[in-house]
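Peer 1: following is a predicted model, sequence given first.
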Amino acid sequence: MFESLFSVESLVSFALTVTVGLPVTIKLLKLNLSVNNKSHTINGNGNIIEHKEYNIIMQDAQKNVRNRNMFVGVLFFILLPFCTSFINTLLGKMATLAPWFCLCGVLLTLHVNGVKTRFWDVFYIAVTFFIADLASKSAVNSYYFLQSIDGLYTRLAGTFISYGSSLFDREMQVRHLFILKEQLALLCSVAGFVIVSITLLTATCGYTKQRKISGIIFFSAVNSLLGIVGYLLASGAAWYLLHNQNDYLSYILRPVAPVVNFLFYIYAAVPL
């Protein structure tokens, strides 16, 4: 147990997560403090009019967060087939720490800007914990086929070449087509890792932008749905669907089916 907890891989991934997440969080918290008394909300006749000072001041920070999220996503996409175990562990550490970064950010935002003004930002905490749980489940579920992702890009390139060279041999073409589908299914798992990681990071820093209540709910619903898609793909849904493993598909769908129905209901009900 302790060997697993304090393994070099686990410690490095933990340190990297803190190194990436903590400075960004601290910078955002400092910016939050600097916009005190500059951003406020006026209530009237049931409508909310947002003053834009907050979002203008936070514009550079929001851009930096988006760039960081895209960088992490591209890094995961490139490195996963070569460092499968490490990236999987890193995703698990991100899932553990991200909600607490979000919690600290939202609490300070409420303290600086006032609970009445930014109360609905608590949605970001809920959605981040939810996506973090999906990311953690993705890391656990993908453990069973991680070895199949090793060297994926090399195999995928070779399979494309083999399929192209067998166009005049029907039997070989069918065989190579199935192998190609297997490799593409594994590529979907890589894409799932990217989607769930970017969605987790996006939800974690959702409080950096001031939104109307409907905007917060829409943001939460969209990111939750993306998190579910990423979770299903990262958990190998495409691979097991190809191999008709219905029991496993039922297993990974069970935790998210009620949430999907609820989110579609919210999406239809909230005016944009």
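Peer 2: Here it is on my side, so go on.

Peer 1: where in the protein is pLDDT low?
Peer 2: 1-53, 166-169, 262-272 (pLDDT under 70).

Peer 1: ok, 80 please
Peer 2: In the predicted model, the chain carries pLDDT under 80 at residues 1-62, 112-114, 143-146, 162-174, 176, 257-272.

Peer 1: tell me, which helix in it spans the most residues?
Peer 2: Taking DSSP state H as the criterion, the chain has its longest helix at helix 170-204.

Peer 1: tell me which element Phe86 is part of?
Peer 2: Phe86 is located in helix 84-113, with elements delineated by DSSP states H and E.

Peer 1: and that helix with helix 170-204, angle?
Peer 2: 30 degrees (axes from the mean of the first three to the mean of the last three CA atoms, to 10 degrees).

Peer 1: against which helices or strands is helix 84-113 packed?
Peer 2: helix 8-34, helix 59-79, helix 122-141, helix 146-149, helix 170-204 (3 or more CB pairs under 8 Å, 6 or more residues apart in numbering; DSSP states H and E). (Glycine included, C-beta is placed from N, CA and C.)

Peer 1: how about a cut-off of 7 Å?
Peer 2: helix 8-34, helix 122-141, helix 146-149, helix 170-204 (3 or more CB pairs under 7 Å, 6 or more residues apart in numbering; DSSP states H and E).

Peer 1: chain center to the last one: distance?
Peer 2: It stands for helix 170-204. 16 Å (CA atoms, centre = their mean, to the nearest Å).

Peer 1: same check, this time on the shortest one
Peer 2: Centroid separation between helix 146-149 and its chain, computed with CA atoms, centre = their mean, is 20 Å.

Peer 1: rewinding a little: next SSE downstream of the longest helix of the chain?
Peer 2: helix 213-234.

Peer 1: I'd like the next helix or strand past that next one.
Peer 2: Next element after helix 213-234 (DSSP H and E): helix 237-242.

Peer 1: go through that following helix and flag the buried ones.
Peer 2: Ala237, Ala238, Trp239, Tyr240, Leu242 (16 or more other CB atoms under 10 Å).

Peer 1: nearest to Thr202 among those?
Peer 2: Among these, Ala237 lies closest to Thr202 (CB to CB), at 21.6 Å.

Peer 1: who touches that closest one in this structure?
Peer 2: Neighbouring residues of Ala237 by CB atoms under 7 Å, 6 or more residues apart in numbering: Leu249, Ile252.

Peer 1: ok, 10 Å please
Peer 2: Neighbour list for Ala237: Asn141, Ala185, Cys188, Ser189, Gly192, Val229, Tyr231, Gln245, Tyr248, Leu249, Ile252, Leu253 [criterion: CB atoms under 10 Å, 6 or more residues apart in numbering].

Peer 1: compute the number of surrounding residues for the closest residue to Phe219 other than its chain neighbours.
Peer 2: Of all residues beyond its chain neighbours, the one nearest Phe219 is Gly206 (5.9 Å), with distances taken as CB to CB, 6 or more residues apart in numbering. Using other CB atoms under 10 Å, Gly206 has 22 neighbouring residues.

Peer 1: can you check Lys63 too?
Peer 2: For Lys63, the neighbour count with other CB under 10 Å is 10.

Peer 1: how far does the helix holding Phe86 sit from the chain's center?
Peer 2: Averaged C-alpha coordinates place helix 84-113 at 11 Å from its chain's average position (CA atoms, centre = their mean).

Peer 1: by how many degrees do it and helix 59-79 diverge?
Peer 2: Comparing the axes of helix 84-113 and helix 59-79 via the same axes, to 10 degrees yields an angle of 170 degrees.

Peer 1: on that earlier part again, dump the contacts of Ala237 to a markdown table, plus neighbour count and distance to Asn261.
Peer 2: A markdown table is the format used below for the contacts of Ala237 (neighbours: other CB atoms under 10 Å; distance: CB to CB, whole Å):
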| residue | neighbour count | distance to Asn261 |
| --- | --- | --- |
| Asn141 | 21 | 21 |
| Ala185 | 20 | 26 |
| Cys188 | 18 | 23 |
| Ser189 | 25 | 25 |
| Gly192 | 23 | 21 |
| Val229 | 19 | 15 |
| Tyr231 | 26 | 16 |
| Gln245 | 14 | 24 |
| Tyr248 | 18 | 21 |
| Leu249 | 16 | 17 |
| Ile252 | 18 | 16 |
| Leu253 | 14 | 12 |
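
Peer 1: done for today, thanks.
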